[in-house]
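# please find the sequence and the predicted model below.
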Amino acid sequence: QQSDHGPFHSAGIPFVYLGVEDHADYHKPTDTADKIDAGFLGGVAAFVLDALAEPALIDSHEIFITASAGVTLFPDDSDEIDTLLRDSDTAMSVTKARGRNGVQFYTPAMNQVLMTRMRTEQELRRAIARQEFELYFQPKVACDSGAIVGVEALIRWRHPERGLVSPAEFIPVAEETGLI
C-alpha cells in the first residue's frame, strides 16, 4: 500500500506495558513504590527506538523503520484505560507533528494544542470556500544594482474576525492536511 512516506503501510499500534507480575492479584497503586517510573518508561521507549534505528535487510534492500510513541502513566494521567489510550494517542500525534521518530509523554496542554490545530483546519476549509485568501507579490531586488530580478508570491489569510492570520499559524496545517 502506498502512503505519503513510501510504499509501506504505517499504523499506530497501541502498546501497553503493565508493570505488575501477577495480574490476578493486581491492586491499584497506593504509593510511589508501586508506580511505574516515568524515567523507566522513557528508557524502554528509547531502547525500542534505538533497536528500530538499525536498518533491516529485506531482499537485499535496506529498510529503515521509525516509531513515534506517546506515553501516559497510570494513575497519574488517569485510572481509566480508555482515557489512557486516548491520551497516549494524543501524545503520539504530538510526536509525529514534531518530526516523528520520538517519544512524548502526555500532558493536559496537548489537548489544547490539538484542539487549536483542528479549529485551524476547519477554519481553513471554510476560508477556501469563502475565498478569504489574498495573494501578494513581493519583488526580489538585486543588492548590487537595485534592479528587480524576480517576485515572490505570498499568500495571506484575511480572517473575518481575527484579521490577517500569520502564515506560520496556517501554512503548516494546510500542508499537513493536503490543502496546499
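Received it, and whenever you're ready, just let me know what you need. Residues are numbered from 1 along each chain as shown.

# can we go C-alpha only for contacts and neighbour counts from here?
Will do.

# which elements pack onto the longest helix along the chain?
Identified as the longest helix of the chain according to DSSP state H is helix 109-130. Where contact means 3 or more C-alpha pairs under 8 Å, 6 or more residues apart in numbering; DSSP states H and E, helix 109-130 is packed against helix 81-97, helix 167-176.

# redo those as CSV? Include mean pLDDT and mean neighbour count.
CSV is the format used below for the helices and strands packed on helix 109-130 (pLDDT from 0 to 100; neighbours: other C-alpha atoms under 10 Å):
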stretch, mean pLDDT, mean neighbour count
helix 81-97, 87, 19
helix 167-176, 90, 14
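
# how far away is the residue nearest the centre of the chain from Glu175?
Nearest residue to the geometric centre of the chain (C-alpha atoms, centre = their mean): Ala97, 2.6 Å. For Ala97, the distance to Glu175 equals 12 Å [C-alpha to C-alpha, to the nearest Å].

# and Glu132, by the same measure?
In terms of C-alpha to C-alpha, Glu132 sits 17 Å off from Glu175.

# out of everything not next to it in sequence, what's closest to Gly70?
Of all residues not flanking Gly70 in the chain, Met92 sits nearest, at 3.9 Å (C-alpha to C-alpha, 6 or more residues apart in numbering).

# gap between stretch 173-180 and the chain center?
14 Å (C-alpha atoms, centre = their mean, to the nearest Å).

# thinking again about what came up before, what angle do the longest helix of the chain and helix 167-176 make?
80 degrees (axes from the mean of the first three to the mean of the last three C-alpha atoms, to 10 degrees).
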